[in-house]
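S.K.: Below is the sequence, then the predicted model.
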Amino acid sequence: MLTTRTPVVTSSGAVARRWAAAAPIAACVAGAAVPSSAAGVGLMLLGGAGMAVVAVAIQAVAGGAAAARGARSAAPAPLPDLTAITVLLPARNEAAVIGTLISDLGRAVGARLTREPVDIVVVDDASTDGTSAAAEVALTAARLGDVGRVVRLDVASGSKGRALRRACPEPRAGELLVVLDADARVEHDFLLRCAEAVAIDAVAQAQRHVLCPPGGGMDAAIARMQDGEFAIDDAIQRARWAAGGASELRGNGMVIRGEALAAIGGWPEDALTEDLELSTCWYLASGRGVARPAGLELWEQPVLRPADLVRQRLRWAEGSLRRDLRHVRPALVGGSTPLRQRADIAMYAAQALVPWLVMGMMARAVLAGPGTIRRRAMLALGGLVAGYVAGGLGLARSALGPGVTPRRILEVAAFTSLWSALLPIAWIRVIRHPETPTFFRTQHLASGRFGPGGVGSDPGLDP
């Protein structure tokens with residue numbers, strides 16, 4: 001039986017804004033104070049060493065799905081059988097890609113690997129490029145006319161969560177909800193994998209891979225780096241789940257039972273990153289993270305334009321901060337959240353303040369001039385950065401698998417360091433605009449631009 005134990009507590013906008021302004025300042029002040037004593041320097045060196053140790057632990061725990069399950073606390077009894085599978089495809093101006101995904105789903109439904117009735121819902125979020133028409137043609141071509149439908153919103157929702165809520169306002173017990181972005185590609189057994197994933201865990205996430213653009217050059221390099229970033233993220237989330245921590249959903253490939261979604265209030269309408277807010281609400285309410293079962297996979301387009309890539313990552317960073325301020329902060333300072341849960345979400349959220357801590361130490365080193373303080377500051381900085389670099393390289397090597405070249409390890413580790421530059425910008429955006437900003441979708445290219453192969457993988461996808 002599915003149960004929740006802790007009500008979800010949220011911060012008001014005014015309170016969140018004050019904390020958004022205070023936290024970076026406090027981190028800068030703490031960083032500037034580090035060189036004042038040998039103890040402070042030792043603490044930073046210990047922190048750097050700790051990052052390397054944590055990276056090794058993640059590699060050990062996330063080595064495979066079987067090991068992850070073995071390392072985790074005992075799972076609850078199996079949940080009730082599913083009564084239906086609903087696949088939600090939120091789409092705004094996705095006429096160029098929606099047909100290919102529907103074709104994949106047609107093969108998945110036609111394989112008849114699941115006994116539950118399937119409902120495929122295309123949520124056209126006030127598109128202006130003929131997305132609804134393209135979806136209807138694709139549903140007919142894929143022989144999904146009796147199980148597929150298009151729900152068109154006349155006014156743009158402004159967020160993915162709001163679009164999902166309008167299409168699915170009341171989740172039903174026994175219903176399995178699967179959310180796919182319009183550029184996703186899935187194999188013929190995808191729906192079976194989804195159903196198996198929630199037999200015990202009510203919320204699960206598909207592992208994401210990146211489709212490989214044709215040819216080589218810069219596009220292929222960018223795709224490889226994003227695929228490596230996804231692999232590292234998957235390793236981290238598997239380790240958190242195995243340890244009983246707050247492993248998270250990612251927007252593409254969310255798999256959630258209707259009763260679990262209803263228990264946390266449904267789709268979050270005003271979230272910039274609905275996946276992160278759902279994950280944290282579920283963890284705080286149930287004490288369980290998001291499962292990452294082996295074999296549950298999908299493929300998606302890489303973001304090839306550097307400007308779009310930065311904007312997408314900045315949205316993710318900002319959404320993470322807003323989630324922390326709205327849900328994590330209240331859980332840490334009040335309520336009945338168990339200590340173990342508080343420790344997990346606190347350590348993960350604290351990483352967002354590391355760039356400010358570093359800036360404080362750098363400022364102290366520059367302003368102090370030659371002498372003991374500067375030497376201490378440089379030593380502390382060096383130890384902290386070295387720990388992060390060593391941890392990042394170790395994670396990249398583990399996540400990318402055997403036979404990976406040093407060059408690929410370095411390029412993926414360098415790519416993931418982009419987050420350190422984006423986090424301070426995200427903090428400033430939250431402070432300047434405490435209200436949730438409008439969701440801007442990432443533009444997808446025509447499906448024909450990408451073959452059926454993935455970066456470093458060979459999925460069973462049709463061209």
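M.R.: Done, it's in.
S.K.: and Gly269, helix, strand or coil?
M.R.: Careful, residue 269 is Glu and not Gly. coil (DSSP: H, G, I helix; E, B strand; the rest coil).
S.K.: Contact partners for the residue lying closest to it once chain neighbours are set aside?
M.R.: Using Cβ to Cβ, 6 or more residues apart in numbering and skipping residues adjacent in sequence, the residue nearest Glu269 is Arg162, 4.3 Å away. Yep, even glycine has a C-beta here, placed from its N, CA and C like the rest. Arg162 is in contact with 267, 269-270, counting by Cβ atoms under 8 Å, 6 or more residues apart in numbering.
S.K.: cool, Gly258 as well?
M.R.: Contacts of Gly258 by Cβ under 8 Å, 6+ apart are 171-177.
S.K.: 6 Å instead?
M.R.: 171-173, 175 (Cβ atoms under 6 Å, 6 or more residues apart in numbering).
S.K.: Quick check: next helix or strand after the host helix or strand of Ala239?
M.R.: In this structure, Ala239 sits in helix 217-242 according to DSSP states H and E. Sequence order places strand 254-257 as the next helix or strand after helix 217-242, per DSSP H and E.
S.K.: what is the mean pLDDT for that following strand?
M.R.: Here strand 254-257 scores 98 as its mean pLDDT.
S.K.: Just checking: what are the partner strands of it?
M.R.: In the sheet, strand 254-257 lines up against strand 175-179 (antiparallel), strand 203-205 (antiparallel) (DSSP bridges).
S.K.: Show me which parts of the longest one are buried, residue by residue.
M.R.: Within strand 175-179, the residues that count as buried by 16 or more other Cβ atoms under 10 Å are 175-179.
S.K.: can you point me to the longest helix in the protein?
M.R.: Longest helix in the chain, counting residues (DSSP state H): helix 372-400.
S.K.: just for the stretch 351-463 of the chain, where's the confidence low?
M.R.: Along the stretch 351-463 of the chain, the parts satisfying pLDDT under 70 run over 436, 438-439, 451-463.
S.K.: Would you map the helices across the stretch 1-150 of the chain?
M.R.: 13-33, 38-61, 65-71, 98-110, 131-141 (DSSP state H, counting those that start in this stretch).
S.K.: Among the ones you listed, which one carries the weakest average confidence?
M.R.: Among these, helix 65-71 scores lowest, at a mean of 43.
S.K.: And the protein, split by domain according to the record?
M.R.: Recorded structural domains for the chain (assignment: automatic domain parsing) are 13-64+337-432, 67-310.
S.K.: out of these, deepest packed?
M.R.: Ranked by mean neighbour count, those are led by domain 67-310 with a mean of 20 (mean count of other Cβ atoms under 10 Å).
S.K.: For that domain, what is the distance to the chain centroid?
M.R.: 11 Å (Cα atoms, centre = their mean, to the nearest Å).
S.K.: just stretch 386-401 next, same as before
M.R.: Its chain's average C-alpha position is 19 Å from that of stretch 386-401, according to Cα atoms, centre = their mean.
S.K.: go on, stretch 408-425?
M.R.: Using Cα atoms, centre = their mean, the mean C-alpha position of stretch 408-425 is found 16 Å from that of the whole chain.
S.K.: for it, how far is the first residue from the last?
M.R.: The first and final residues of stretch 408-425 sit 28 Å from each other (Cα to Cα, to the nearest Å).
S.K.: for stretch 202-219, same thing?
M.R.: 37 Å.
S.K.: Now do that stretch, average pLDDT.
M.R.: Model confidence over stretch 202-219 averages 89 on the pLDDT scale.
S.K.: what does it rub up against?
M.R.: Contacts with stretch 202-219, where a contact means Cβ under 6 Å, 6+ apart, come from 2, 197-198, 220, 223, 226-227, 230, 234, 249-250, 253, 255-257, 260, 282, 290-292, 296-302, 304, 450, 453-455, 457.
S.K.: ok so, going back, from the buried residues of strand 175-179, which is closest to Arg429?
M.R.: For the buried residues of strand 175-179, the minimum distance to Arg429 (Cβ to Cβ) is 25.6 Å, reached by Val179.
S.K.: partners of the closest one in the sheet?
M.R.: Going by DSSP bridges, Val179 forms beta bridges with Leu88, Met254.
S.K.: Hmm, it is touching Met254, no?
M.R.: Yes. Using Cβ atoms under 6 Å, Val179 makes contact with Met254 at a distance of 4.2 Å.
S.K.: What helix or strand is Arg313 located in?
M.R.: Applying DSSP H and E, one finds Arg313 within helix 306-323.
S.K.: whoops, I mixed them up, Glu170
M.R.: Assessed by DSSP H and E, Glu170 sits outside every helix and strand.
S.K.: what's the pLDDT at it?
M.R.: Glu170 is given a pLDDT of 90.
S.K.: Pull the number of nearby residues for the residue nearest to Ala349 when sequence neighbours are not counted.
M.R.: Closest residue to Ala349 apart from its sequence neighbours, by Cβ to Cβ, 6+ apart: Asp324 at 4.5 Å. For Asp324, the tally of surrounding residues (other Cβ atoms under 10 Å) stands at 26.
S.K.: Roughly how far does Asp324 sit from Ser247?
M.R.: With distances taken as Cβ to Cβ, to the nearest Å, Asp324 is found 16 Å from Ser247.
S.K.: before we move on, back to that, helices and strands around the longest helix of the chain, which ones?
M.R.: In terms of contacts (3 or more Cβ pairs under 6 Å, 6 or more residues apart in numbering; DSSP states H and E), helix 372-400 is packed against helix 38-61, helix 217-242, helix 354-368, helix 406-416.
S.K.: can you tell me which two in the contacts of Gly258 are farthest apart?
M.R.: Pro171 and Ala173 (8.0 Å).
S.K.: rewinding a little: the residue nearest to Glu269 in helix, strand or coil?
M.R.: What three-state DSSP gives for Arg162 is helix.
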